[in-house]
Every structure is written in C-alpha cells, then in structure tokens.
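Chemist: I'll drop the sequence and a predicted model, then ask my questions.
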Amino acid sequence: MELNALLAQPVALPSLPRAVALLMSELAHPEPSLRRMNQLFGADPALAGRLLEMANSPTFQLPRQIAGIPEALALLATPQLRALVTSAPLGTTSRSVPGVNMQQFWRYSLNTAKIARSLAGIVHHSQIAAYTAGLLHAVGELVIHLGDPEKAQSVNTLVAPFDPRRGKIEQRIFGYCYGHVSAGLARRWQLPEVVVDALHHQAAPFENNAYEPLAGVVHLASWRARAREAELDERELAVTFPGEVGLALGLDIDMVLQQDPIDWTAKPEAADYVV
C-alpha cells in the first residue's frame, strides 16, 4: 500500500484506558487541574494527537500554531475536553493493534517524549515541541499495523516493532517508514510545521540537504528508548549510537545517556505513567 493510500484510510488510534478514566474523573471537578490534565494527556499519544488536532482546527483560528499540550488545554473549554475524552477509543495490551504490544508502545512513546524534551533543552530548541514530537513520533507504526496488517506482520517477522532497525527495514520494504506516516497524520491535524518536519525527517535528520535539529533530537531520543526496550548493554549502546546525528547537534553518547530523565531500573506498568 502506498503512503497516500494508507493515510487516506480512517483509523482509530487506541488510548490508554487509565489515562481516559483519570481524565474523566478530573474533568468532573468544577475546576479541573490544568497540571493534572497536562500530565494525563501527555502520557498518551492518541489523546495528545486528538487534543492538538482540535486546538489547531478552524474553530480557534490558530492553524499550525499550537505545538504543545499546555497551549491546547488553555484554548479548549471543559465541555470540549470532556467530549474529546469520552469519545476516545480505548486500547488493550495486546488486541487493539494486532502485532503491537500497546503497553510497550505507551511506555516507549512516553520515554521518547521525556528524553526529547530533555535533549531539546541542551541544544536550545523548544522543549514543548520536542515533547510533542517525541510523544507522536511512532503513531505511524500503529497506522501501518491497522491499515496494512499483513505487510506489517511480514516486517514483524524480520524485526520487532520497537527494534532500533525498524525504520530502515520499513523504508526498504514499503518505500516509507513509520516516521513518514506520523508526519502525514500531523500534517492532517494541522500541527505546526516544526513538528511535522521533525516527524518526517526523524529517520535521517541531516541527509539529502535536510537540516532539522528537532528531528535530530527525536532521532537520538528514540534511539535511547528503543535501546532500552532492546535491553542493549554498554558495548551495544556504543556500537549503535547514531554518532553523526549527535555530532551535528554537539551531543556525544555520554551527554545523551546523562540526560535520561527516567529510572531505567524500574519496571513501570502502563497504569503508572506520569509526565
């Protein structure tokens, strides 16, 4: 299936059930906590995507200007937020997206977002946009699995969905990778170009005359999060570190690893995620 045909298919991205439940509880209060809602929306790529899509819609006359969850929450009224959350499709660990462990997907996406935010601070780029790009960078993987399950499964037999080599294998087989699909979704949602470009170029942020620093940040953050999922040891981390991307941003492997804002020794469940 070609990229445009895949993007033309309607798909319902599943949301983290606990995030939905806690948001509904929070939104039942007379004055919901913006901080708490920011945490909960920021733990779920599907909810965040729908929130940002609404904030960038013609309703608010700010298309392609709202890059982050805090800005979006400031625009939407409580009834609008309640309607958005109530209509969110709920996910399960294994059956929502055949071939993808959703608990792993939610954990991996949140880890990538946190690391991207941290790295963006070092290289003086927008931490809000970096967090959004990190959180949404792999939603294209869900779309591929939902829209073309047979082809996705054929790739799964070669490399797992969160294998560090996944993007390159998809590019070789499909002619595009999950990052291009994620960018296509972000463009449809009318997200700012800085986020769309970061998603589109995340696999190769400094190739073919492209220079997308935020894409480089997402590239390094996703490498770190995928390495964690693969349980790479120190030698494997050193061998797989994308040094050319780090060099362009002025970041070496030690700087990237030192910025981990996560306790990698913990084994958090999806229900425990916080931003």
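Modeler: Done, it's in. Since we're looking at a predicted model, the values are computed, not measured.

Chemist: which strands and helices lie in contact with the longest helix seen in the chain?
Modeler: In the chain, with assignment by DSSP state H, the single longest helix is helix 102-122. Helix 102-122 sits against helix 127-136, helix 139-147, helix 213-229, with contacts defined as 3 or more Cβ pairs under 8 Å, 6 or more residues apart in numbering; DSSP states H and E. C-beta: built from backbone N, CA, C; applies to glycine.

Chemist: nearest to Ser33, of the ones you listed?
Modeler: helix 127-136 (18.8 Å; Cβ to Cβ).

Chemist: most remote residue from the middle of this structure, which is it?
Modeler: Pro30 (31.0 Å; Cα atoms, centre = their mean).

Chemist: wait, is it part of a helix?
Modeler: No. Pro30 sits outside any helix when classified using DSSP: H, G, I helix; E, B strand; the rest coil, being coil.

Chemist: end to end, how far does stretch 224-234 reach?
Modeler: This stretch, stretch 224-234, spans 12 Å end to end (Cα to Cα, to the nearest Å).

Chemist: just stretch 92-109 next, same as before
Modeler: OK, stretch 92-109 end separation, Cα to Cα: 16 Å.

Chemist: so how far is that stretch off the chain centroid?
Modeler: 13 Å (Cα atoms, centre = their mean, to the nearest Å).

Chemist: next: stretch 100-119.
Modeler: 7 Å.

Chemist: in it, which residues are buried?
Modeler: Judged by neighbour count (16 or more other Cβ atoms under 10 Å), stretch 100-119 contains these buried residues: 100-103, 105-119.

Chemist: tell me where the model's unsure across this structure.
Modeler: Within the chain, the ranges that satisfy pLDDT under 70 run 93-94, 208, 260-275.
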